[in-house]
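Chemist: sequence first, predicted model second:
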Amino acid sequence: MYRFFEQLSSRIAAPFIGESSRNSRVWHCRCGQSLFFRNSQCLACSAALGYQPEQSRLSSLQPGPQTDTWLLDADPEAGVFRRCANLDSPAACNWLLPANDHDALCIACSLNHTIPDLSIAENPERWCKVETAKRRLIAQLFSLGLQVIPKTVNEETGLAFDFIGIDLEGKLPTTGHANGLITLDVKEADDAHREQVRVQMHEPYRTLLGHFRHEVGHYYWDRLIANSQWLEPFRGLFGDERASYAQSLERHYQQGAPPDWQQHYVSAYATMHPWEDWAETWAHYLHMMDAVDTALGFGMSARKWTSITSHFHPARSTTRSILAARRSCRSSMRGSSWPACSTSCLGAWGSRISIHSCCHHR
Ligand SMILES: [Zn+2]
Ligand SMILES: [Zn+2]
Ligand SMILES: [Zn+2]
């Protein structure tokens, strides 16, 4: 992330660098047509397209030396690739993987532990929306230099996703995180349903990507903070996470957020427990980085936006960057009307291992 921060800071301070940027959101086909993150085929010349996550780039493809292998027009020397096996599924995955990879799925799709029941009429479209949001999440994690390890590679420390609906007994799924497994109620992909819940929960916004960013924040807390040198600095800034999660949740339900929460937190839900403060801050940090990077990618010159630079000064590691963002939010938002954000998970906590669940529907 240090590399990313350095790059972003220099890009904010300097004139727009151009379309060759690693983090550009717009790429170009060999025919010159602009390409966007979700495209799998050029709309102008019908060239096949593929996204290479390690290099954060979308490229038109040339047939490779073997059947169903491909070379990148953007960098023919980059190697030989295959397209993800989920390309022709409702997931419509446009990502690439090395041709010699033993897996048929790309890194993003290989994180799936459970996909929606596709015999249910609404689920193919829901799954498509969920996968699009998940790929955006994973692409950003890569661009930040974070490790993305599937549970199929490391059951103990890996990441996986369950995209599920109501079970056979009629029980609603619980959106949340438990020891590297992120569960999402696929009904969250229905815009009308999600908006209804957003209003019920008094949230300023509610998105699939917001859910993922929040929940993956819990995962990276386990990976980056727990049992690390960052635990004490974390406690100094976010509070002591050993405070009872159940009691904190009860208090939050009974009393709500403190009236002056905007002075100290990025969202009302962040006041609930230090873990939620971390996850909310992490999600906001990714939101802000994404927004600024998109603006830069589309040519915004930030020369006159000197106030932004205080938010994004270079940091030395992912953890320090998040802590810096937390401090920055605290100081810069004092007295401001920064929009409250929350994925509004409600939770339960297992004492020894990281079992956190967000239960919107309880
Ligand atoms: Zn083209
Ligand atoms: Zn894929
Ligand atoms: Zn949470």
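Modeler: Great, that's in hand. Ligands and ions are numbered 1, 2, ... in the order given.
Chemist: burial of Pro90, as a residue count?
Modeler: The burial count assigned to Pro90 is 18, neighbours taken as other CB atoms under 10 Å. In short, each C-beta sits where N, CA and C put it, glycine included.
Chemist: quick one: contacts for it?
Modeler: Contacts for Pro90 were tallied using CB atoms under 8 Å, 6 or more residues apart in numbering; they are Leu118, Asn123, Pro124, Glu125, Trp127, Cys128.
Chemist: which residues does the closest residue to it other than its chain neighbours contact?
Modeler: The spatially closest residue to Pro90, leaving aside those adjacent along the chain, is Pro124, at 3.7 Å (CB to CB, 6 or more residues apart in numbering). Remark: with contacts taken as CB under 8 Å, 6+ apart, Pro124 is in contact with Pro90, Pro116, Leu118.
Chemist: biggest helix in the chain by residues?
Modeler: Ordering each helix of the chain by length in residues (DSSP state H) puts helix 274-297 first.
Chemist: tell me which residues in that helix are buried?
Modeler: When neighbours are counted by 16 or more other CB atoms under 10 Å, the buried residues of helix 274-297 are found to be 274-290, 292-293, 295-297.
Chemist: equivalent analysis for stretch 67-75, please.
Modeler: In terms of neighbour count (16+ other CB under 10 Å), stretch 67-75 has its buried residues at Thr69, Trp70, Leu71, Leu72, Asp73, Ala74.
Chemist: please apply the same query to stretch 125-141.
Modeler: Judged by neighbour count (16+ other CB under 10 Å), stretch 125-141 contains these buried residues: 126-141.
Chemist: and those residues, which is closest to His214?
Modeler: If you rank the buried residues of stretch 125-141 by distance to His214 using CB to CB, Leu137 comes first, at 10.5 Å.
Chemist: circling back to that earlier point, restrict the buried residues of stretch 67-75 to those near ligand 1?
Modeler: Judged by CB under 5 Å from the ion, the overlap between the buried residues of stretch 67-75 and the neighbourhood of ligand 1 is nil.
Chemist: nearest to ligand 1 among these?
Modeler: For the buried residues of stretch 67-75, the closest approach to ligand 1 (CB to the ion) belongs to Asp73, at 9.3 Å.
Chemist: the closest one contacts Cys31, correct?
Modeler: No - at 9.7 Å, Asp73 and Cys31 do not qualify as touching, with contact defined as CB atoms under 8 Å.
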